[in-house]
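Q: Let me see the structure of the following:
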Amino acid sequence: MGFFNKQGIGETKAETITSVIGADMQLVGDIAFKGKLRLDGKAEGNIRGEYLILGETGTITGDIVVNTFVCSGRVEGTVNVQKLYVVKSGFIEGKVETMDLAVESGAVLNGEIKSRSQQELRLVPGSASSEEDWEARLKESASQTPAKKKGVVAK
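A: Coordinates of the predicted model:
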């Protein structure tokens, strides 16, 4: 249980976060990033990256494909990650596929949860999925949802 430390489940030192999207920001469109991203605002679209921290004020409507996801906020969509940590304020509505799951008392998970082995887990950067597979999945997802305006909007 290496992730349960003095700081608590899912908490990380501020200096290790490489990008921050503040509580007063709203993003519409797909997001791709490297490093650690802390999202305290609102995102509508698919998110792909390495390490995502969703703060208590953060909301995501869309699919999430990252290596590690710490959820303290609200998610509506598909979550496909290697490691998932849902803390007590976290709320996920939708399908979850992960290899490693930790849920703190008080968190809410509504939907289908699948545990996968390394070989079965798809679409996670660094696994068997290629960049082309990811792009195809994004196009498929976009064709199934209403067209959304692309770009960044400050609230």
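Q: hey, what's L27 bridged with?
A: Bridge pairing for L27 (DSSP bridges) gives the partners A43, V152.
Q: right, and it touches A43 too?
A: Yes: using C-beta atoms under 8 Å, L27 is in contact with A43, at 4.6 Å. Placement of C-beta: from N, CA and C, glycine included.
Q: shared neighbours, those two?
A: I21 (C-beta atoms under 8 Å, 6 or more residues apart in numbering).
Q: more crowded one of these two?
A: A43 (25 against 20; other C-beta atoms under 10 Å).
Q: Who are the contact partners of the more buried one?
A: Contacts of A43 by C-beta under 8 Å, 6+ apart are I21, Q26, L27, V28, I31, G58, T59, I60, T61, G62.
Q: Distance check, it against E93.
A: 15 Å (C-beta to C-beta, to the nearest Å).
Q: Ok, I21 next?
A: 21 Å.
Q: So which of those two has more stuff around it?
A: Using other C-beta under 10 Å as the criterion, I21 and E93 rank with I21 on top: 21 against 15.
Q: ok, now which ones touch the more buried one?
A: L27, L37, R38, L39, D40, G41, A43, G58.
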